[in-house]
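> Next come a sequence and a model predicted from it.
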Amino acid sequence: MTPRILFGDSNDPTRNLAVEEALLLNGAAGPFLYLWQNAHTVVIGSGQNAWKECRTELLTSQGGTLVRRTTGGGAVYHDLGNLNFSFVMPQDMYDVPTQAQVIADAIGRFGVVVERSGRNDLVIQKTQAKFSGNAFRMRQDAALHHGTILVNVDMDNLGRYLAPSRQKLQAKGVESVRSRVENLSVHAPHMTIPALKEALAQAFADTYGASERVPIADVLAPTRVDELTQKYRSWEWTYGKTPRFDVQMETRFAWGGVELMLSLRRGTVEHATCFTDSMDADLGQRVASLLVGSVYEPAALSQRLADSDIPEDRDIAAWLAAQEL
């Protein structure tokens, strides 16, 4: 098949991941290079705990989006200073070193020498700082190799949203490995996203032969992309896929202290324990029983107690509503 290059037509991460998955399902018709951008987004790996990797409440309150991808690896922050690439290849053409060299060749056109570090990262040779994290997915007939390219990402936001939760979490999900990261613009101030896209398209064609640039709709059925977009937008996919984990929360009120121990499965409270030195002997058991079944979101947890006639319950409800999870 003629190598084909597709350019993302949206900054919506749910649509972009849907296009990528649809390409993989059609991957035997590749090779494809898909170049795309997400606006103000945290993307977590398939096996990660959203609450442990990202300050979810802060991100969403500031207009950001959290999405879960189908590949493994760690959490990453995307904005319009970052360009994402996806190689979708038939199995007989899939070769990570060759694909990584396409990225290196494109960036080399801007005078920056880069190299692979381990299997998953690309680093700037001069500083050994990471600018690209890669992840992979294999199917019987095709394979996906995708990654980030940090050109001029807001590093303050990257550090702000990829901070651990303030709650004490004991999670079974895969934790991100924090690496020193750097924008390519530090070494190539003249680099722009449009120029980098063009360089990548040329490097892809140099490696795989004359390539055709095609609209997404010419390759993928819009209804299929729409179906997958709804999956990536769903709470069940983003949060419900979270592995089992436990969370500990504690505070003190004028009437006594409260410590909550929550065990969660698929983002929902499966078991709760409430320790307290309150004079209300029934408070602990009452609060724990009310929280079972709630999804792990401040508003949902709070609502379980907010309508109570008991002032202490309402105090706990107000405290839960103010939590940053």
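On my side now, so go ahead.

> what bridges to residue 86?
Taking DSSP bridges as the rule, residue 86 bridges to residue 34, residue 146.

> Pretty sure it sits against residue 37.
No - under the criterion of CB atoms under 8 Å, residue 86 makes no contact with residue 37, lying 12.0 Å away. To be clear about C-beta, it is placed using only N, CA and C from the backbone, and glycine gets the same treatment.

> how about residue 21, what does it touch?
70, 228 (CB atoms under 8 Å, 6 or more residues apart in numbering).

> That one belongs to a strand?
No - residue state for residue 21 (DSSP: H, G, I helix; E, B strand; the rest coil) corresponds to helix; a strand is not indicated.

> what about it, distance to residue 292?
For residue 21, the distance to residue 292 (CB to CB, to the nearest Å) stands at 34 Å.

> Which parts of this structure belong to which domain?
As recorded under automatic domain parsing, the domains making up the chain are 4-238, 245-321.

> Could you dump these into a markdown table with mean pLDDT added?
Below are the domains of the chain laid out as a markdown table (pLDDT from 0 to 100):
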| stretch | mean pLDDT |
| --- | --- |
| domain 4-238 | 92 |
| domain 245-321 | 90 |
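
> Buried deepest among these, which one?
Compared across those, domain 4-238 shows the largest average neighbour count, a mean of 18 (mean count of other CB atoms under 10 Å).

> Quick check: the gap between the closest residue to residue 36 other than its chain neighbours and residue 143.
Nearest residue to residue 36 in three dimensions, chain neighbours excluded: residue 8, at 3.0 Å (CB to CB, 6 or more residues apart in numbering). Look at residue 8 and residue 143: by CB to CB, they are 20 Å apart.

> And residue 151, by the same measure?
26 Å.

> What ranges does the stretch 51-200 of the chain have for its strands?
With DSSP state E, counting those that start in this stretch as the criterion, the stretch 51-200 of the chain has strands at 65-68, 76-78, 82-90, 114-117, 121-124, 130-138, 142-150, 168-171.

> got the CA positions of stretch 134-150 in CSV?
Coordinates of the C-alpha atoms in stretch 134-150 are reproduced here as CSV (Å, rounded to 0.1, in the frame of the first residue of the first chain):
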residue,chain,number,x,y,z
ASN,A,134,6.8,6.7,23.4
ALA,A,135,4.3,3.8,23.9
PHE,A,136,3.2,0.8,21.8
ARG,A,137,0.3,-1.5,21.1
MET,A,138,0.4,-4.7,19.1
ARG,A,139,-2.4,-6.4,17.2
GLN,A,140,-2.3,-9.6,15.2
ASP,A,141,-2.1,-7.8,11.8
ALA,A,142,-0.8,-4.3,12.8
ALA,A,143,1.0,-2.3,15.4
LEU,A,144,1.0,1.2,16.9
HIS,A,145,3.9,3.3,18.0
HIS,A,146,3.0,6.7,19.2
GLY,A,147,4.6,9.5,21.2
THR,A,148,4.9,13.2,22.1
ILE,A,149,7.2,15.8,20.8
LEU,A,150,7.7,18.7,23.2
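
> my guess is residue 70 meets residue 44, correct?
No - if you go by CB under 8 Å, residue 70 and residue 44 don't touch, sitting 11.2 Å apart.

> Off-centre distance for the helix or strand hosting residue 232?
Using DSSP states H and E, the element containing residue 232 is helix 222-233. Its chain's C-alpha centre and that of helix 222-233 lie 17 Å apart, by CA atoms, centre = their mean, to the nearest Å.
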